[in-house]
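>>> fold the following.
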Amino acid sequence: MSIGRGTHGETETVFDWLVLLLAVALAGIHVYLGVVADERQFFVVAGVFVVGILLFFTEYWRATVYLLAAVYVATLGVLWLLGGTEYERVGLVTGAISTAFLGLAVYLFVRESGAE
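Prediction:
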């Protein structure tokens, strides 16, 4: 099934769907943190993930979005570390999911951009 890819004719692989599932999980975790901690910035972070998820299903999706997502997730990890690792348990779970997301996003960027 091909949906809104930058290069027509490409089809999604299990890796595309897995990175999408990880993005949904990360958005959900940040919504949870926004509710529990009553801090708006977590809702903003979740919103960015939701925008990325929606963008995946449009014709505007390009391989570079994978790279932007990887940089975004890495930046969030650094901010968490510099912020004193607040919400440690949830942060560690988020870190594990983010690490998988980061690796997969970089792999998909390389694969789709033809930079192999």
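>>> do me a favour and average the pLDDT over the helix ranked longest in the chain.
For the chain, the longest helix by residue count, based on DSSP state H, is helix 88-113. Model confidence over helix 88-113, given as mean pLDDT, is 90.
>>> how far does that helix sit from the chain's center?
Its chain's C-alpha centre and that of helix 88-113 lie 7 Å apart, by Cα atoms, centre = their mean, to the nearest Å.
>>> show me what it is packed against.
helix 14-37, helix 63-82 (3 or more Cβ pairs under 8 Å, 6 or more residues apart in numbering; DSSP states H and E). Any C-beta I mention is one placed from the backbone N, CA and C, and that applies to glycine too.
>>> which strands and helices sit next to the last one?
The contact analysis (3+ Cβ pairs under 8 Å, 6+ apart) places helix 63-82 against helix 14-37, helix 40-56, helix 88-113.
>>> what residues are up against the nearest residue to residue 29 once chain neighbours are set aside?
Once flanking residues are discounted, residue 29 sits nearest to residue 94: 5.3 Å by Cβ to Cβ, 6 or more residues apart in numbering. Residues in contact with residue 94, defined by Cβ atoms under 8 Å, 6 or more residues apart in numbering, are 26, 29, 80.
>>> and residue 12, what element?
Counting by DSSP states H and E, there is no helix or strand that carries residue 12.
>>> so who does residue 114 touch?
Residue 114 neighbours (Cβ under 8 Å, 6+ apart): none.
>>> next one: it from residue 63, what distance?
8 Å (Cβ to Cβ, to the nearest Å).
>>> ok, residue 85 next?
To residue 63, residue 85 is 32 Å away according to Cβ to Cβ.
>>> which one of these two is surrounded by more residues?
residue 63 (17 against 11; other Cβ atoms under 10 Å).
>>> pretty sure the more buried one contacts residue 107?
No: taking contacts as Cβ atoms under 8 Å, residue 63 lies outside contact range of residue 107: 11.1 Å.
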